[in-house]
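K.L.:
would you be able to build a 3D model of this:
(one chain, ligands or ions: 1)
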Amino acid sequence: MDTSETLFEQAKKVLPGGVNSPVRAYRAVGLTPRFISKADGAYIWDADGRKYIDYVCSWGPMILGHNHPLIREAVEKAVKDGLSFGAPTAREVEIAQLMVEMVPNIEMVRMVNSGTEAVMSALRLARGATGRDKIIKFEGCYHGHSDSMLVKAGSSAMAGGCPSSAGVPADTAKDTLTAQYNDLSSVQQLFDENPGQIACIIVEPVAANMGVVGPNPGFLEGLRTICDKEGALLIFDEVITGFRLAKGGAQEFFGVKADIVTFGKIIGGGMPVGAYCASRALMEQVAPCGPVYQAGTLAGNPVAMAAGLAQLHYLDENPQIYTELQRKATRLADGMRNAVRETGAAVQINQIGSLAAPFFTPDTVESFSGAARSDLKKYAAYFAGMLNRGIYLAPAQFEAMFVSYAHTDADIDTAVEAAKAVFAQL
Ligand code: HOZ
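P.N.:
Model prediction:
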């Protein structure tokens with residue numbers, strides 16, 4: 001039988017680095033990646049037959065846990081009617097209506113196939129609507145792999161040593177200005193230096209691709225004020241926070257209005273889906289209503305829509321999920337903080353809603369520079385220790401831990417106990 005080791009050897013011959021997405025290669029932690037054979041609820045199994053408690057949750061979308069019966073049944077039913085039509089379907093209308101109802105400040109939705117595509121299209125819309133070329137992003141925030149977003153990016157781009165990717169034309173990169181997360185003066189300075197030229201600010205409302213760093217009080221509100229004053233648009237990239245922090249995502253959680261919101265895999269229940277959403281006035285700038293072109297055969301794919309609808313309906317109808325997610329993640333973070341105190345390890349635990357991350361530094365982490373000070377060797381040791389104890393985590397520091405509705409208190413306590421044992425050895 002193939003093991004993770006033998007599969008990785010074969011994979012390296014036909015896939016760059018043996019993977020289809022860099023962080024999965026485990027280079028940041030110096031191990032052989034676990035090849036996954038199945039997942040159910042809060043658990044994931046590797047090709048070697050080992051079972052883990054999963055705190056990656058497919059990087060967020062499995063908010064109800066893996067293999068949820070309602071989503072699986074919706075997919076099975078949809079598959080019987082055909083896999084792809086490249087034509088409108090009733091389900092697209094239903095999911096858009098549901099999203100408009102659940103998410104504040106959006107009136108229209110355009111479905112795409114991933115968060116990367118959603119962001120790329122949202123930026124085009126912002127540029128088309130304002131007639132301006134420059135955009136502001138934050139160092140260490142990650143918005144997928146489109147050219148203009150691979151400038152000082154977080155996540156695996158940062159962990160892999162290429163936050164500003166080769167292959168991005170200098171002419172493209174020059175229009176991406178970078179500010180510091182949680183530092184409004186760095187944003188205002190860019191507007192002052194580029195008067196009337198900045199189309200939008202794009203931000204992860206909770207920076208969850210540099211570990212997890214929440215917005216300081218007033219930061220998101222300040223971005224809103226600056227955008228209003230400067231005639232720029234505010235884009236919330238809610239690929240991670242959307243439908244996770246609250247039904248209405250970060251806009252609802254923090255009470256700050258965005259002009260354009262992007263979503264990713266969570267609205268497909270884990271299937272490849274993304275969307276960008278805004279007011280009618282903005283969205284009617286998009287073709288075929290307006291001059292901003294964007295298209296895709298697989299956009300609104302019927303099977304993906306069925307999965308997404310099942311997940312979003314469930315979230316909509318069961319608002320207690322958000323209270324429970326908050327409670328479980330707080331239990332996890334508080335438990336890990338106790339483990340830090342008891343072991344005397346120099347570790348910070350950040351948590352916002354059902355997102356959490358440890359940083360291996362004695363100082364509190366409220367910024368990209370703070371996150372970047374985390375000891376990456378210690379993260380690698382922590383990762384290996386946790387994996388050996390049956391806890392499946394993101395194989396790089398600059399990612400988040402995701403808690404799902406399927407995690408039980410016992411699952412959380414097992415992770416806390418594992419962390420305590422690992423912290424004691426750091
Ligand atoms: N860097 C991505 C998550 N933030 C990785 C996703 C993947 O490899 O699947």
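
K.L.:
taking the stretch 251-400 of the chain, what residue is nearest to the ligand?
P.N.:
Glu399 (5.5 Å; Cβ to the nearest ligand atom). Just so you know, the C-beta spots here come from the backbone N, C-alpha and C atoms, and that holds for glycine as well.

K.L.:
tell me who's in contact with that residue.
P.N.:
Residues in contact with Glu399 (Cβ atoms under 8 Å, 6 or more residues apart in numbering) are Val23, Val56, Trp59, Ser155, Ser156, Ala159, Ala208, Asn209, Gly211, Ala357.

K.L.:
tell me how far Ser369 lies from Glu9.
P.N.:
According to Cβ to Cβ, to the nearest Å, Ser369 stands 39 Å off from Glu9.

K.L.:
which residues in the stretch 1-150 of the chain form strands?
P.N.:
Under the criterion DSSP state E, counting those that start in this stretch, the stretch 1-150 of the chain contains strands at 36-40, 43-46, 51-54, 108-112, 134-138.

K.L.:
any idea which of these is most buried?
P.N.:
For those, average neighbour numbers computed from mean count of other Cβ atoms under 10 Å are highest in strand 134-138, which has a mean of 25.

K.L.:
gap between that strand and the chain center?
P.N.:
Relative to its parent chain, strand 134-138 has a centroid offset of 18 Å by Cα atoms, centre = their mean, to the nearest Å.

K.L.:
now do stretch 340-348
P.N.:
27 Å.

K.L.:
and the end-to-end length of it?
P.N.:
8 Å (Cα to Cα, to the nearest Å).

K.L.:
which residues of the stretch 51-200 of the chain lie near the ligand?
P.N.:
Counting by Cβ under 6 Å from any ligand atom, the stretch 51-200 of the chain comes close to the ligand at Trp59, Tyr142, Ser155, Ser156.

K.L.:
centre of this structure to the edge, which residue is at the far end?
P.N.:
What lies farthest from the middle of the chain is Met1; by Cα atoms, centre = their mean that is 34.0 Å.

K.L.:
skip the chain neighbours and tell me the closest residue to that residue.
P.N.:
Spatial nearest neighbour of Met1, excluding adjacent residues (Cβ to Cβ, 6 or more residues apart in numbering): Ala47 at 7.9 Å.

K.L.:
mark which of the contacts of Glu399 are part of strands, please.
P.N.:
Mapping the contacts of Glu399 onto strands (DSSP state E) picks out Ala357.

K.L.:
how about the most centrally placed residue in the chain: what's its closest non-neighbour residue?
P.N.:
Centroid check for the chain by Cα atoms, centre = their mean gives Ile240 as the closest residue, at 3.0 Å. With Cβ to Cβ, 6+ apart as the criterion, Ile240 has its nearest non-adjacent residue at 4.4 Å, and that residue is Ala208.

K.L.:
let me know whether Met336 touches Glu417 as I believe.
P.N.:
No - contact criterion Cβ atoms under 8 Å: Met336 and Glu417 do not qualify, at 10.4 Å.

K.L.:
more crowded one of those two?
P.N.:
Each of Met336 and Glu417 has its neighbours counted (other Cβ atoms under 10 Å); Met336 has more, 24 against 14.

K.L.:
now that one: which helix or strand?
P.N.:
Met336 is part of helix 320-343 when elements are defined by DSSP states H and E.

K.L.:
roughly how far out does that helix sit from the chain middle?
P.N.:
Taking Cα atoms, centre = their mean, one finds the center of helix 320-343 at 20 Å from the center of the full chain.

K.L.:
okay, buried residues for it please.
P.N.:
321-322, 325-326, 328-333, 335-337, 339-340, 343 (16 or more other Cβ atoms under 10 Å).

K.L.:
contacts for the helix or strand following that helix next, please.
P.N.:
Using DSSP H and E, the helix or strand that follows helix 320-343 in sequence is strand 348-352. For strand 348-352, contacts defined as Cβ under 8 Å, 6+ apart pick out 206, 211-214, 245, 329-330, 332-333, 336-337, 340, 356-359, 361, 363-365.
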